[in-house]
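[1] pasting the sequence and the predicted model now:
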Amino acid sequence: GQQLNQSPQSMFIQEGEDVSMNCTSSSIFNTWLWYKQDPGEGPVLLIALYKAGELTSNGRLTAQFGITRKDSFLNISASIPSDVGIYFCAGQLTSGSRLTFGEGTQLTVNP
Amino acid sequence: DGGITQSPKYLFRKEGQNVTLSCEQNLNHDAMYWYRQDPGQGLRLIYYSQIVNDFQKGDIAEGYSVSREKKESFPLTVTSAQKNPTAFYLCASSTNRANYGYTFGSGTRLTVV
């Protein structure tokens, strides 16, 4: 099935650093979503984006819906150890349509 | 509180045995999904169901079976035909009426020995 191109695959950073990751697609989406998966748990929704160009924040997290509707970015500022996990992007075309997921970005934060 | 529950959290089975993983939601969601996740890998879709009594194969359906007799429940059976069943299995649900994405369960880790 179709996958989104998510990068980077993994990141190793020091506590306090900022993090950026992105997803690109060959086709447009009308909704972009970012999930975080803690080790041994299911993914949890962090941010949902519904409009091209939209910039949305959730605490230290900021995500943007690309203007072309084919990409999205997630930034994490001032990382802390509990930010460790796998971050997934997902695109959705219409209400009720299946999500297309990226391969995930594995984030490791060194104290 | 509404949510989606997977049970058990850990499951061990001998090779050659069928095993059924439970997934229940009380979110009144229409659609339900099963994903498989291997270490360091992304999410691969096994089966999904948009309405009761109907389901479709995903990208890796071979060796798995499902049923959707009730809106709240979508059990997954891992059969002996699945060549490499040891993995982390995630169930999810969603509404068909809005773009709210999926709500995931906490997963079941299946180990076949």
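    Now that the structure is in, tell me what you want to look at.
[2] excluding its backbone neighbours, what's nearest the residue positioned nearest the centre of chain B?
    Nearest residue to the geometric centre of chain B (C-alpha atoms, centre = their mean): residue B:34, 3.0 Å. Leaving aside its chain neighbours, residue B:34 sits nearest to residue B:46 (4.3 Å; criterion: C-beta to C-beta, 6 or more residues apart in numbering or on different chains). Every residue, glycine included, has its C-beta placed from N, CA and C.
[3] close to chain B: what parts of chain A are there?
    Residues of chain A lying near chain B by C-beta under 8 Å from any C-beta of the partner chain: A:1, A:3, A:30-31, A:33, A:35, A:40-45, A:48, A:50, A:88, A:90, A:92, A:94-96, A:98-99, A:101-104, A:106.
[4] try 6 Å this time
    A:1, A:31, A:33, A:41-43, A:45, A:92, A:95-96, A:101, A:103-104 (C-beta under 6 Å from any C-beta of the partner chain).
[5] now for those residues: which two are most distant?
    A:41 and A:95 (26.9 Å; C-beta to C-beta).
[6] which residues in chain A form strands?
    Counting by DSSP state E, chain A has strands at residues A:5-7, A:10-14, A:19-24, A:31-37, A:44-49, A:55-58, A:61-65, A:71-76, A:85-92, A:100-101, A:105-110.
[7] and of these, who's closest to residue B:65?
    strand A:100-101 (23.1 Å).
[8] helices and strands around the closest one, which ones?
    Applying 3 or more C-beta pairs under 6 Å, 6 or more residues apart in numbering or on different chains; DSSP states H and E, we find strand A:100-101 packed against strand A:85-92.
[9] residues in contact with the strand it packs on?
    Strand A:85-92 is touched from outside by A:4, A:6, A:23, A:25, A:29, A:31-38, A:43, A:72, A:99-102, A:104-106, B:99, with contacts defined as C-beta atoms under 6 Å, 6 or more residues apart in numbering or on different chains.
[10] buried only: go through those residues for me.
    A:4, A:6, A:23, A:25, A:29, A:31-37, A:43, A:72, A:99-102, A:104-106, B:99 (16 or more other C-beta atoms under 10 Å in any protein chain shown).
[11] what about the chain, any weak spots by pLDDT?
    No chain in the question, so chain A it is. A:1-2 (pLDDT under 70).
[12] should've been chain B
    In chain B (pLDDT under 70), the answer is B:1.
[13] could you pull out the strands for it?
    With DSSP E, the ranges of strands along chain B come out as B:4-7, B:10-13, B:19-25, B:31-37, B:44-51, B:54-57, B:64-66, B:76-78, B:87-94, B:103-104, B:108-112.
[14] mind listing what's buried along the fourth one?
    With burial defined by 16+ other C-beta under 10 Å, the residues of strand B:31-37 counted as buried are B:31-37.
[15] from those, which two are the most distant?
    B:31 and B:37 (19.2 Å).
[16] picking that back up, got the contact list for the residue nearest to residue B:34?
    Residue B:46 touches B:34, B:36, B:58, B:60-61, B:64, counting by C-beta under 6 Å, 6+ apart.
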